[in-house]
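> For reference, the sequence and a predicted model appear below.
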Protein chains: 2
Amino acid sequence: MLGLKLPFKQQQFEAREEAILDAVNSLLSRKGYDLMTMDDVAEAVGIAKGSLYKHFSSKEKLAAAAMVRLLNETLVELDAMPEAWSAIDRLEGMLRWSLEHRLKGGVPHLPSTRGAFQRSLLMNLDYVAAAMKLNKRVYALIDEAKLHGDIAQDMPNEVVAFTLYARSCDPTVDFLRQSKTLSDAEIVDALVDTTLRGLTGSRRKALRRKPDAHPPAAAPRSLARTR
Amino acid sequence: MLGLKLPFKQQQFEAREEAILDAVNSLLSRKGYDLMTMDDVAEAVGIAKGSLYKHFSSKEKLAAAAMVRLLNETLVELDAMPEAWSAIDRLEGMLRWSLEHRLKGGVPHLPSTRGAFQRSLLMNLDYVAAAMKLNKRVYALIDEAKLHGDIAQDMPNEVVAFTLYARSCDPTVDFLRQSKTLSDAEIVDALVDTTLRGLTGSRRKALRRKPDAHPPAAAPRSLARTR
DNA sequence: GTCTATACACCGATAGAC
DNA sequence: GTCTATCGGTGTATAGAC
C-alpha cells in the first residue's frame, strides 16, 4: 500500500504535465510562441503561474517539450501505418496526419515565428535529437520513393522534406478555413494535392514547359542574386 | 521660388516615409510583427521614436502601410511583364518575384504570424482594398490559365491563389538558406518547381495515383472531421 | 516636426507563506 | 507543490520643451 503511494503521485505528476503540454499545444497553434503567455498556459490548465515553473523551468523549455512530443507522435504514426503502403504513401500519410492534427488545433511541425523561438529550439538537445530522428526516417522514405519513381529524381531531399514539414504551418490552411467554402476534409485534400502534384496537376499529360518553349525559366527581371 | 517651397517640404516628407517603410519592410521580414518594436524602426531610420508617430499613428498602421506598398509593387510587376507571356507565365513570374523579393529581405505577402496582426490588417481599409485589387487580377489569370489547360480544372481558385501567396512566407525558404547547400537562385527554382509541378514532378508521365490503385486517398486513421 | 522623458500596461521569473 | 504578491525589464504611446 505504502509502496504504491510514490508511484501514484508520480503518475499524477506526469498526468498533469501531459495536461500542460495539451494546453501549450493548443495555445501555441492559436497565438504562436511570442503571443502565448505563461498566464495563458496557467489559466488553460487551471493552476497558478508559479506552479508552472515547478514543471518547466522556462517558457522555452515548455514550448520545446510540446514540440518534442509532437515529433515523437509523428514517428509513432509513421510506424503504425499499414505494411502494404509504399514510401510515397507513407509520406502522404504523414502529410495528411500533420494537416489534420493542425486543423484540430495542434502545433505545426516547424516554428513559424521568425523570432527567438527557432533559435532557442536549435539549442535544445531534446528537440534536436527528436528532430534528427524523424528527419532520418523521412529521408529514407524519400530515397525509397525516388527509386520507385514517385518523386522527381532531381529534387534535393531537403527540399522535399522541408516542403512536407512546412505544409503543416502553411497560412493557406487558416485562410481557406476562414473563407468557409471548403470543409476541413476538402482543405486537407487540396493541400495534399498541391503539395504532391502541384498546381498544374500531374493528372494531365500535357506539360506546361515544352522543351522549346519561350523562356520563362529566367526571372522576369534580373533580380537573381547568387548571394 | 516660394511657390516651390511647400512641394519641396512635402517631397521631403514623403521621401522620409519611404525610408521608414523600407526599414519596416526589412525588420518585418527578419523579426516578424510581434518582435519588431518601434524603437527598432526608429533606430533603423535614424530618427527618434516620438517622430515616428507624426508619420504613422500606430504600429498597426505602420505595418499595414508596408504591406499595402508591397501589394501595389506586385501589381506594378504584373503589369510590366512581356506581352508574350501567357497567364501561367505571369503567375510563375509573380511567384518568382515574390521569392526573390523575400530572399532580398522583404516582407512576405501574407502575415505569417498567427497573432493580432492578421486581424488588424483585415480591419484596415487601405490594406483590404489593395488586397482585393491584386486578388481580382490573380483570379483572372488563374481562370485564363485553366482555359489553356495549364492549371488543373478541379483546383479551387482560392486554393491556387493562397498557395501562390503563401509560398513567399514559407519557412522552407529560411531552412534551405540555413542549410547552405543551395544558392538563392536554386532555392527559388526549387520552390517554383514544387509549387507548380509538385513533389512528384509532372515531367514524368507515370502518375502516382492510378485509377485502380490501393486507397491511400482516405486518411490513415479516421481523423477526418467534417467540422 | 524632432527631440527627450515618462506614463501605463504587460510579461517572464522569483519569493515566501501555507 | 500550490498559491498570492512582486520584482525587473520591455514595449506602445503620449507629453512637453525647443
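Thanks, I have the structure now. Being a predicted model, the structure only gives us computed values, none of them experimental. Numbering: from 1, shown residues only, chains lettered A, B, ... in the order given.

> buried sites along the helix or strand of chain A with the lowest mean pLDDT?
Within chain A, no helix or strand scores below helix A:2-35, which has a mean of 85 by mean pLDDT, DSSP states H and E. Applying a neighbour-count criterion of 16 or more other C-beta atoms under 10 Å in any protein chain shown, one finds A:16, A:20-29, A:31-35 buried in helix A:2-35. Every residue, glycine included, has its C-beta placed from N, CA and C.

> out of these, what pair is the most spread apart?
Taking C-beta to C-beta, the two most distant members of the buried residues of helix A:2-35 are A:Arg16 and A:Asp34; they sit 25.4 Å apart.

> So stretch A:84-103, near chain B or not?
Yes - counting by C-beta under 8 Å from any C-beta of the partner chain, contacts between stretch A:84-103 and chain B involve A:84-85, A:88-89, A:92-93, A:96-97, A:100-101, A:103.

> tell me the helices in chain A, going along the chain?
Secondary structure of chain A by DSSP state H: the helices cover A:2-35, A:38-45, A:49-55, A:59-79, A:87-103, A:116-122, A:125-147, A:157-166, A:171-179, A:184-197.

> picking up where we left off before, Serialize the residues of stretch A:84-103 next to chain B to TSV and add fields for neighbour count.
Formatted as TSV, those follow (neighbours: other C-beta atoms under 10 Å in any protein chain shown):
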residue	neighbour count
A:Ala84	8
A:Trp85	15
A:Ile88	23
A:Asp89	22
A:Glu92	24
A:Gly93	21
A:Arg96	23
A:Trp97	22
A:Glu100	22
A:His101	21
A:Leu103	22
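
> Go through the residues you listed and say which is closest to A:Pro7.
A:His101 (31.2 Å).

> Pretty sure the closest one sits against A:Ser168.
Yes - A:His101 sits in contact with A:Ser168 when judged by C-beta atoms under 8 Å, with a separation of 7.3 Å.

> tally of neighbours for the residue of chain A found nearest DNA strand D?
DNA strand D sits closest to A:Gly50 of chain A, with a gap of 2.7 Å, by C-beta to the nearest atom of the strand. A:Gly50 has 9 neighbouring residues, counting by other C-beta atoms under 10 Å in any protein chain shown.

> Likewise for A:Ala48?
A:Ala48 has 11 neighbours, counted by other C-beta under 10 Å.

> For the most centrally placed residue in chain A, grab phi and psi.
Geometric centre of chain A, nearest residue: A:His109, 2.1 Å, by C-alpha atoms, centre = their mean. Reported as degrees, to the nearest 10, the phi and psi values for A:His109 are phi -70, psi -30.

> Equivalent analysis for A:Lys180, please.
According to degrees, to the nearest 10, A:Lys180 has phi 60, psi 10.

> Low-confidence bits of chain A, can you list those?
Chain A contains residues with pLDDT under 70 at A:1-6, A:202-227.

> Would you tell me which residues of it are close to DNA strand D?
Neighbours of DNA strand D within chain A, by C-beta under 7 Å from any atom of the strand: A:13, A:16, A:46-51, A:54-55.

> let's see it at 6 Å
A:16, A:47-51, A:54 (C-beta under 6 Å from any atom of the strand).

> Closest one of the residues you listed to A:Leu141?
Using C-beta to C-beta, A:Arg16 comes nearest to A:Leu141 of the residues of chain A next to DNA strand D, at 35.8 Å.

> could you check the distance from the residue of chain A closest to DNA strand D over to A:Pro111?
Distance of A:Gly50 to A:Pro111, computed by C-beta to C-beta, to the nearest Å: 27 Å.

> go on, A:Leu78?
Distance, A:Leu78 to A:Pro111, using C-beta to C-beta: 21 Å.

> Perfect, that will be all.
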